[in-house]
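Enquirer: Structure for the following, please:
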Amino acid sequence: MTPALSPAWPERAAWGTATSLRAWQSEAMNKYFTEHPRDFLAVATPGAGKTTFALTVAAELLARRVVERLVIVAPTDHLKTQWAEAAGRAGIPVDPAYSAGQGKTSKDFLGIVVTYAGVAVNPLAMRIRTERFKTLVILDEVHHAGDALSWGDGIREAFDPATRRLALTGTPFRSDINPIPFVSYETGPDGVPRSRADYTYGYGEALADHVVRPVLFMAYSGEMTWRTSAGDEVAARLGEPLTKDMTQQALRTALDPKGSWMPAVLQAADKRLSEVRRHVPDAGGLVIATDQDSARAYAKLLRSITGESPVVVLSDEKAASKKIGTFSKSDDRWMVAVRMVSEGVDVPRLAVGVWATTTSTPLFFAQAVGRFVRARKRGETASVFLPSVPNLLGFASEMEVQRDHVLKRKVSDDGDIFAAENDLLAAANASESASSDLDGFAFEALGSSATFDRVLYDGGEFGHAGEVHVGSEEEMDFLGIPGLLEADQVRDLLHSRQSERAQKQKKDMAAKAREAIRATHDAEKLTQHEQLSVLRRELNGLVAAWYHRTGQAHGITHSTLRKQCGGPPAAVATAEQLTERIEKIREWAMKKSS
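Expert: Residues are numbered from 1 along each chain as shown. Here you go, the predicted model:
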């Protein structure tokens, strides 16, 4: 029978490992030391404590003399330092400055920390080192081993002789054709191989265990106007059904710091941060920017809003890691960052985020949101402000979905093969200067405005029927949610406020109906042209409110009204026909409220 953990393990001061593990960490540890696998894949949501789990495994293996040395492979240089500090606290000294050309390291170290790119430079040198000792290899965020063929080949060559390999990930895998080294795959009923984790601990489980924070997604819409490369002016509402290209251009228009959308959303996010800081005094905010120019412009906007200069972190700065570390230990309000939100970057006090980047893959979304979910004490909540675009809202509503690595490429309806998701992410990260041409569609942002759209939480949507202006009482219903609430308290509060607003809207609708009757009598005093103009404005306003309530596009609503009431398009309809449509859509709204 395989022995369980050694009795002295929890108190072993020589290795300095944590004496108190979370339930999932203990369960995963017991599984590991019961099965004694050479390869083990642990999938745990960001903020759950993968680092502590891995270092506890390492300490036990070292203590049992199963291994003699440790190699940790991390995605970035910043994380190399972070891993080295964590290992040092666990009593396992590792060298984060090691490079393949260096060959040896000080005898004071029991291991080294390297990057995936560093391994790919000289995998043979790493293999020789791995062969010299019984080695445990920890592959942090192992999906990066599939980022490039050379990286995967390098990892496989370097660590094939390792005694043990422990792979970790906290973000969803993507679909591509490159298998990840040392990860097992199983073919499903559809004939497609998918990765198989040895232990999985998802966001939903972590939330129930109070290991991570609940996340409220604050979605903002608004009117966008831009000029195409052909010189045409285009106007569209962010969040309405649009083509993929128009959605991307509307998003870029919203994120333009010279428009009105970003200042309004930053103002709202800062109000939310102030509310959170009433309960959590050191809570901080992070703006995730697309490029350096935008990051600096957002920092300038925040300075005008708050009176304080935010910390600006650019990935090509030598002091980037130091800036993040300093911000993490301070009580500064805001940090603006480009690319420095990859998995593992640890700033536990981050509680409010603003999504201000055009990068929008599931992997990047999970990485970014993972920066806000780390729980320090029960009751802390996180709030992430999003543009109302379909893919981001979809990601937000699927926070608890578990994803495996799928060994195939997705094919679009027209036969085009999409690039692997990490390739898209790498391409987005590689360009940090503002571009006038994204995806081949040059344009010029002309103007934007912001309106509050909805809150997404726990798979549900909460908001108000009709347009909600930034700074309004309706918006503050959600921005003013206390910053220290349990997950179920957040859910109950959102449902309560939704119900209260529905009752108020029902009364308002009845009042508007009475006002419409009076307006009909007053309309007799107007000229025919003025009367038609008033009625069209009222109808368009009600159609817009119906869109916010149901998500049904304006054109479809107008078409349905014409079908039910008869008559030509609104632009040439009579006063009687317009009035009938107004009454009909009010009737719909009343039924939906009841």
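Enquirer: which residues does the closest residue to residue 242 other than its chain neighbours contact?
Expert: Spatial nearest neighbour of residue 242, excluding adjacent residues (C-beta to C-beta, 6 or more residues apart in numbering): residue 236 at 5.8 Å. Backbone N, C-alpha and C define where each C-beta goes, glycine included. Listed by C-beta atoms under 8 Å, 6 or more residues apart in numbering, the contact set of residue 236 reads 223-224, 242, 246, 250.
Enquirer: If we only consider the residues you listed, which is nearest to residue 68?
Expert: In terms of C-beta to C-beta, no member of the contacts of residue 236 lies closer to residue 68 than residue 250, at 57.0 Å.
Enquirer: Show the contacting residues for residue 137.
Expert: 71-73, 130, 159, 162, 164-166.
Enquirer: make it 6 Å
Expert: 71, 159, 162, 165 (C-beta atoms under 6 Å, 6 or more residues apart in numbering).
Enquirer: what comes up buried for the helix or strand hosting it?
Expert: Residue 137 belongs to strand 135-139 when elements are defined using DSSP states H and E. Residues of strand 135-139 classed as buried: 135-139 (neighbour count, 16 or more other C-beta atoms under 10 Å).
Enquirer: export the residues you listed to a markdown table and tack on distance to residue 571 and pLDDT?
Expert: As requested, the buried residues of strand 135-139 are exported to a markdown table (distance: C-beta to C-beta, whole Å; pLDDT from 0 to 100):
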| residue | distance to residue 571 | pLDDT |
| --- | --- | --- |
| 135 | 74 | 97 |
| 136 | 72 | 98 |
| 137 | 68 | 98 |
| 138 | 66 | 98 |
| 139 | 62 | 96 |
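Enquirer: how many neighbours does residue 527 have?
Expert: 9 (other C-beta atoms under 10 Å).
Enquirer: Give me the helix or strand of this structure that scores worst on average pLDDT.
Expert: Least confident helix or strand, the chain: helix 421-430 with a mean of 39, by mean pLDDT, DSSP states H and E.
Enquirer: State the number of residues packed around residue 154.
Expert: Neighbours of residue 154 using other C-beta under 10 Å come to 24.
Enquirer: ok, and what's touching the helix or strand hosting it?
Expert: Residue 154 belongs to helix 149-159 when assigned by DSSP H and E. Counting by C-beta under 6 Å, 6+ apart, helix 149-159 makes contact with 116, 119-120, 123, 126-127, 130, 137, 145-146, 178, 181, all of which sit outside it.
Enquirer: still on that earlier bit, what's across from the residue nearest to residue 242 in the sheet?
Expert: residue 224 (DSSP bridges).
Enquirer: any idea where the strands of the stretch 351-500 of the chain begin and end?
Expert: 382-387, 406-407, 437-438, 441-448, 451-457, 460-462, 468-469 (DSSP state E, counting those that start in this stretch).
Enquirer: Output these as a markdown table; include the columns mean neighbour count.
Expert: Below are the strands of the stretch 351-500 of the chain laid out as a markdown table (neighbours: other C-beta atoms under 10 Å):
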| stretch | mean neighbour count |
| --- | --- |
| strand 382-387 | 26 |
| strand 406-407 | 18 |
| strand 437-438 | 14 |
| strand 441-448 | 17 |
| strand 451-457 | 24 |
| strand 460-462 | 16 |
| strand 468-469 | 18 |
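Enquirer: Now the weakest link among the ones you listed, please, by mean pLDDT.
Expert: Out of the strands of the stretch 351-500 of the chain, strand 437-438 stands lowest, with a mean of 42 (criterion: mean pLDDT).
Enquirer: Residue 313 and residue 320 touch, don't they?
Expert: Yes - between residue 313 and residue 320 there is a contact at 5.3 Å, judged by C-beta atoms under 6 Å.
Enquirer: which other residues reach stretch 485-492?
Expert: Residues contacting stretch 485-492 (C-beta under 6 Å, 6+ apart): 207, 214, 379, 381, 458.
Enquirer: Out of those residues, the closest to residue 354 would be?
Expert: Among the contacts of stretch 485-492, and counting by C-beta to C-beta, the member closest to residue 354 is residue 381, at 15.9 Å.
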